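Student: need coordinates for the below:
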Amino acid sequence: MFDILIAGGWPMLPILLTSALALAIILERFWTLRRGAVLPPDLGAQVRVWARASKLDPAHIDALAAGSPLGQLLASAVRVRGKPRELIKERMEDTGRHVVHRMGRYLNTLGTIALIAPLLGLLGTVIGLIRMFLAVMVHGAGDPTKMAGGIGEALICTATGLVVAIPAYVFHRYFRSRIDGYAVSMEQEAARLLDELDSLGAPPAATLPPAAVSASATHAPARPDARPRARPAPAER
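Tutor: Down below sits the predicted model:
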């Protein structure tokens, strides 16, 4: 295998570097985007219980935000609890955009590797063909070993570029779809917490006791009669 890589020539060096970088990103994203690390089980239910029990002190909120992306999203809501619903929702949307952006870290680099790896392989192919034609010009077409070297370099670079690009593209799409699924789950948990905070912060409806209603009706001013009174007939002389 090492001899084959050496036969590919110097264009193999950037292809191997991009393959090492792609492998590091894939392993790091697999570890970071574990479901238990992003969406801890029963975390949303625990936060709703804390909200009902009024245990959302600053220590709880800081620990919640530092624990997971879902915890950071829920912490942004409970920090502004008691505010109008639209303000809480806006704060959660802002935090959600930052959380999703951080979950997609390095994926643009992985997509770039999937794009440029075949181009690097094509570059190696072109360089190998150029070497082959130069060998033919110098030594003529009677020496097949010179032509075989250039053709072998071209094929090795092409194959290596595709071997790097195909897995990089597959994992790039896979991680994107996983992040989209996490975003939907976090949105559902955020909606449940928003409804919980809305129900806890809603002021009770103001009602008057029956005695007050009776008193107000008793002391209400009488409505003047809207009908005109009949004028007395003039006395006959």
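
Student: alpha carbons only for contacts and neighbour counts from here, please
Tutor: Fine.

Student: what's the longest helix in the protein?
Tutor: With secondary structure taken from DSSP state H, the chain has its longest helix at helix 144-201.

Student: which stretches of the chain form helices?
Tutor: Listed in chain order, the helices found in the chain under DSSP H are 2-7, 12-32, 35-38, 43-53, 58-67, 69-78, 85-103, 107-139, 144-201, 210-218.

Student: tell me the most buried of those?
Tutor: Comparing these on average neighbours per residue, with mean count of other C-alpha atoms under 10 Å, the densest one is helix 69-78 at a mean of 24.

Student: which helices and strands does that one pack with?
Tutor: With contacts defined as 3 or more C-alpha pairs under 8 Å, 6 or more residues apart in numbering; DSSP states H and E, the secondary structure elements packing on helix 69-78 are helix 35-38, helix 43-53, helix 58-67, helix 85-103, helix 144-201.

Student: alpha carbons only: can I get the first one in PDB?
Tutor: Meaning helix 35-38. The C-alpha trace of helix 35-38 is given here as PDB (Å, rounded to 0.1, in the frame of the first residue of the first chain):
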ATOM      1  CA  ARG A  35     -28.000  11.900  21.300                       C
ATOM      2  CA  GLY A  36     -27.300  11.700  25.000                       C
ATOM      3  CA  ALA A  37     -25.000  14.700  24.900                       C
ATOM      4  CA  VAL A  38     -27.300  16.900  22.800                       C
END
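
Student: shaky segments in the protein?
Tutor: In the predicted model, the chain carries pLDDT under 70 at residues 1-9, 135-136, 138-150, 201-237.

Student: if we go to 50?
Tutor: Counting by pLDDT under 50, the chain shows low-confidence ranges at 202-237.
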